[in-house]
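Peer 1: Here is a sequence with its predicted model. Questions after.
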Amino acid sequence: MFHNFGPLYSFTLRSKLRSKAFLISTLLTILFIFGFTNIDRILSNFEDTDSGQALLVTENAELATVMQSLGYEDVEAANVTEDEAREGLSNGDYEAVAFIDGYSARVLSERPEPEFTTLLQTALRETRNAELIETSNIDPAVIASLNEPVPIEESYLGRGGENSDELFSSFAFVYVMLMLLYVSIITYGSMISTEVTTEKSSRVMELIISTTHPVTHMLAKISAIGTLALFQIGIFLGFGYFSARSNEMAQSVIENAGNARAVLYLLTFFALGYLLYAAMFAVLGSLVSRVEESQQMTMPVIMLLVAGFLAAMFGLNNPDAPLVTVLSFVPFFTPMLMFLRVMLVDVPVWEVALSIGIMLSSIGVILWIGSKFYRGGVLFYGNNAIKQWRQILQNRQ
Amino acid sequence: MTLHIDRVSKQFGDFTAVDDLSFHVPRGEMYGLLGANGAGKTTTFRMILDILKPSDGTIRWDGRAVDHRLVGYLPEERGLYPKSPVRDQLVFLASLKGMRSAEAKRAVKSWLERLEIPQYESMRVEQLSKGNQQKVQLVAALIHNPELLILDEPFSGLDPVNVEILKREVLALRDAGTTIVFSSHRMEHVEELCQHIGILKDGRAVVSGDVTTIKSRYEEPVLFLETDRIDIVTAMPFVRSVEPHKAGHLVRLATFDDSDAVLGALVRSGAAVKTFMRKPVSLNDIFIKEVGQHVS
């Protein structure tokens, strides 16, 4: 039954690896990962780093010093009239001029200068507070203790992590992996249905199906694209890991959440989810005759996936909600929801085993149904395959 | 080693595509299956290949179920991977038939040379002309030296030069002992190549057997004449009808024995006779008579 698996597998994998689309999508994604992991550095290049010169029109000469101590270097006290200020501003001699009256100020500038305004506000408040404290004769020690923060140490007993840092890491890890699962199932799943439909529309299928059992053909396609997916995702993760080494947040997520248990569950649910959806994509791909139609046909499967993803987004905040627990046993949602649960709450081993069992048998059932429809389906070139299911089944009888 | 098709039927729901069809093809013979579009030719081929299961009847090769590795198939709708190089996909398709890759590579080379297209070995199929794609498809069908070769409309889309190349190769294969079943719309190809034929109409074999025997059964007492004195012929009592045909006339007699009298009368009157022949029966005539429509 499984002969011809080898040739089909290697031919599919080789044509995919050699295609320009593969090269381009890999390079583009690497570029994207590089940009994403270095987003802080890239953004900082766009920031206006040299704050322009500012003038303070005030009798309090200390104010400029306070501003400088707060971090606004290029500021000085000067005595200019409003007209002179306007002219200087429009010539670009300075960026902001503040007219100080007591503890209030009026700022003139060409554009909003939020950094200057905020610091000016802080400087004025500090000067005012210092003066208030001095005139009221309050012990500076009292002020210091008033400003002292109250420490609270939290400890979480749940699976996600002992403190908020660890919990955040688990969340971020699960979130990123759910995204990855969702995106890769859609990408590689539609690749499979397109592959099958292309073989059908180019009529190569007639040659293949006369030599190969349909289940072998499906499994060969699924494995070949699966290998491609592992290879490509491997490249992305490897590159992402190195590229994110300089990113502190990503680093702490990797340190806190990247342990053997997480990787094991991730691989298990990734593989099962891929198999289940890939089998559905392959069967649906065999029912349509043109690539454009395969998109329509696979819509319901994509809807299931979207529903699972939305449930997972809800579950991220309520991992022990009864709905999440129930849905985590539905095979279409298990890869996302059970993964999320084992990462964030304590799940009994039998529950995990049961969900994996359900998934495996569903994959078996889909492949079995698929093999019934496959031969009939690949020879059927009508418009509406769903309405013709009876005929498709009869084709083979 | 004979292909036996025995009382085979195929139903799709209420529609009967093939109805109680029987024929057999001995080893090294070429069998031509004729029929209008939708007559059931492709369905029959698909059943021989076990792509479809017959609703009824049996199909046997050498007394056993047909083993796909011994069969070569040229589908009517040509199927190749457009983006893949010629050599790669031929080696792949050969490996599906159980050939080793080194052996397949050698076979690809020699077949491309025999079909006079060795220069396309590493080109993508989509870059080839339609006729050349068809040659590649043919290589895919016979690369593994099949015992039984099924060709569904092998000549469609080929120019006359390539039709000759294909005929040459098909005859060489037959002489080497390959059993060949093929379908065609082009009656002259079938007439030239096949010893046995079957004409399908609505899934039933309306005519079947040896080409010469079939033809003799359809011969009619009709003469084709080119002469300047057709009026003499028209006046003769045993002439049933005279109708113009091409440069001359078709003359229908009561029996063919009367043809001597016609020729005698013409000679006696001193008429110029350019052509005097019995109208030959072509498969095309038989086909039109039985199927009721012209297809080529």
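Peer 2: Yes, it's here. Note that the coordinates shown come from a computational prediction; the quantities given were computed from them, not determined experimentally.
Peer 1: And the strands in the chain?
Peer 2: Just going to use chain A. Using DSSP state E, the strands of chain A run over residues A:54-57, A:75-77, A:96-101, A:104-109.
Peer 1: please go with chain B instead
Peer 2: With DSSP E applied, chain B shows strands at B:3-12, B:15-25, B:30-35, B:56-61, B:71-74, B:148-152, B:179-183, B:196-201, B:204-210, B:222-227, B:239-245, B:248-253, B:273-278, listed in chain order.
Peer 1: Could you list the buried residues of the longest one?
Peer 2: Yep, that's strand B:15-25 we're talking about. B:16-19, B:21, B:23, B:25 (16 or more other C-beta atoms under 10 Å in any protein chain shown). Every residue, glycine included, has its C-beta placed from N, CA and C.
Peer 1: what does the first one give?
Peer 2: With burial defined by 16+ other C-beta under 10 Å, the residues of strand B:3-12 counted as buried are B:3-5, B:8-12.
Peer 1: Spit out the contact partners of the residue nearest to A:Ala229 when sequence neighbours are not counted.
Peer 2: Beyond its immediate neighbours in the sequence, the residue positioned closest to A:Ala229 (C-beta to C-beta, 6 or more residues apart in numbering or on different chains) is A:Tyr188, lying 4.4 Å away. With C-beta atoms under 8 Å, 6 or more residues apart in numbering or on different chains as the criterion, the residues that contact A:Tyr188 are A:225-226, A:228-229, A:274, A:278.
Peer 1: could I get those as JSON lines with neighbour count and pLDDT?
Peer 2: Formatted as JSON lines, the entries for the contacts of A:Tyr188 read as follows, by neighbours: other C-beta atoms under 10 Å in any protein chain shown; pLDDT from 0 to 100:
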{"residue": "A:Ile225", "neighbour count": "25", "pLDDT": "94"}
{"residue": "A:Gly226", "neighbour count": "19", "pLDDT": "93"}
{"residue": "A:Leu228", "neighbour count": "17", "pLDDT": "94"}
{"residue": "A:Ala229", "neighbour count": "19", "pLDDT": "92"}
{"residue": "A:Tyr274", "neighbour count": "22", "pLDDT": "93"}
{"residue": "A:Ala278", "neighbour count": "26", "pLDDT": "93"}
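Peer 1: Please flag which of the residues you listed sit within helices.
Peer 2: When helices are assigned by DSSP state H, the members of the contacts of A:Tyr188 inside them are A:225-226, A:228-229, A:274, A:278.
Peer 1: low pLDDT regions in chain A?
Peer 2: A:1-2, A:47-52, A:158, A:160-162, A:256-258, A:378-397 (pLDDT under 70).
Peer 1: nearest spatial neighbour of the residue of it found nearest chain B, skipping sequence neighbours?
Peer 2: Of all residues in chain A, A:Arg203 sits closest to chain B, with a separation of 3.1 Å (C-beta to the nearest C-beta). When the adjacent residues along the chain are set aside, A:Arg203 lies closest to B:Gly79, with 3.1 Å between them (C-beta to C-beta, 6+ apart).
Peer 1: Read off the pLDDT value for that neighbour.
Peer 2: The pLDDT attached to B:Gly79 in the predicted structure is 81.
Peer 1: swap in B:Ser55?
Peer 2: Reported pLDDT at B:Ser55 in the predicted model: 89.
Peer 1: so the closest residue to it other than its chain neighbours bridges to which residues?
Peer 2: If you skip the residues right next to it in sequence, B:Ser55 has B:Gln11 as its closest partner in space, 4.6 Å away by C-beta to C-beta, 6+ apart. As for beta bridges, B:Gln11 partners with B:Thr16 under DSSP bridges.
Peer 1: Quick check, B:Gln11 in contact with B:Lys53.
Peer 2: No. Contact status for B:Gln11 versus B:Lys53: not in contact, 11.0 Å apart, counting by C-beta atoms under 8 Å.
Peer 1: residues in contact with the closest residue to chain A within the stretch 101-250 of chain B?
Peer 2: The minimum distance from the stretch 101-250 of chain B to chain A, using C-beta to the nearest C-beta, falls at B:Ala140 (6.8 Å). Residues near B:Ala140 by C-beta under 8 Å, 6+ apart: A:207, B:74, B:80, B:89-90, B:93-94.
Peer 1: Apply 6 Å and report the result again.
Peer 2: Contacts here follow C-beta atoms under 6 Å, 6 or more residues apart in numbering or on different chains; on that basis B:Ala140 touches B:90, B:93.
Peer 1: try B:Arg46
Peer 2: B:Arg46 touches B:Leu52, counting by C-beta under 6 Å, 6+ apart.
Peer 1: pLDDT value on it, please?
Peer 2: Per-residue confidence (pLDDT) for B:Arg46: 88.
Peer 1: and if you look at B:Asn132?
Peer 2: Confidence per residue is given as pLDDT, and for B:Asn132 that number is 90.
Peer 1: Ends of stretch B:174-183, what's the gap?
Peer 2: 16 Å (C-alpha to C-alpha, to the nearest Å).
Peer 1: what does that stretch contact?
Peer 2: Residues from elsewhere that reach stretch B:174-183 (C-beta under 6 Å, 6+ apart): B:25, B:27-28, B:30-31, B:33, B:41, B:148-154.
Peer 1: Pull the most distant pair out of the residues you listed.
Peer 2: By the measure C-beta to C-beta, B:Arg27 and B:Glu153 form the most distant pair in the contacts of stretch B:174-183, at 23.6 Å.
Peer 1: now stretch B:218-233, how far from the centre of its chain.
Peer 2: Computed by C-alpha atoms, centre = their mean, to the nearest Å, the chain-centroid distance of stretch B:218-233 equals 31 Å.
Peer 1: which parts of that stretch are buried?
Peer 2: Of the residues in stretch B:218-233, those buried by neighbour count under the rule 16+ other C-beta under 10 Å are B:221-227, B:230, B:232-233.
Peer 1: same thing with stretch B:67-76?
Peer 2: By neighbour count, with 16+ other C-beta under 10 Å as the criterion, the buried positions of stretch B:67-76 are B:68, B:70-76.
Peer 1: can you redo the buried residues of strand B:15-25 as TSV with pLDDT?
Peer 2: Listed next are the buried residues of strand B:15-25 as TSV, based on pLDDT from 0 to 100:
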residue	pLDDT
B:Thr16	87
B:Ala17	88
B:Val18	91
B:Asp19	91
B:Leu21	91
B:Phe23	90
B:Val25	90
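Peer 1: longest helix in the chain, by residue count?
Peer 2: Picked chain A for this. Identified as the longest helix of chain A according to DSSP H is helix A:164-201.
Peer 1: um, chain B though
Peer 2: Ranked by residue count and defined by DSSP H, the top helix of chain B is helix B:160-175.
Peer 1: by how many degrees do that helix and strand B:148-152 diverge?
Peer 2: With axes from the mean of the first three to the mean of the last three C-alpha atoms, to 10 degrees defining the directions, helix B:160-175 sits at 150 degrees from strand B:148-152.
Peer 1: Now for A:Phe168, how many residues are close by?
Peer 2: Other residues within reach of A:Phe168, judged by other C-beta atoms under 10 Å in any protein chain shown, total 17.
Peer 1: do the same with A:Val66
Peer 2: Taking other C-beta under 10 Å as the criterion, the count of residues near A:Val66 is 19.
Peer 1: Quick check: closest non-adjacent residue to it.
Peer 2: Nearest-residue entry for A:Val66: A:Ala123, 4.4 Å, with adjacent residues in sequence omitted and distances by C-beta to C-beta, 6+ apart.
Peer 1: doesn't A:Met67 make contact with the one you found?
Peer 2: Yes. Because the distance of 5.0 Å satisfies C-beta atoms under 6 Å, A:Ala123 is recorded as touching A:Met67.
Peer 1: is it true that B:Val139 touches B:Glu113?
Peer 2: No. If you go by C-beta under 6 Å, B:Val139 and B:Glu113 don't touch, sitting 10.5 Å apart.
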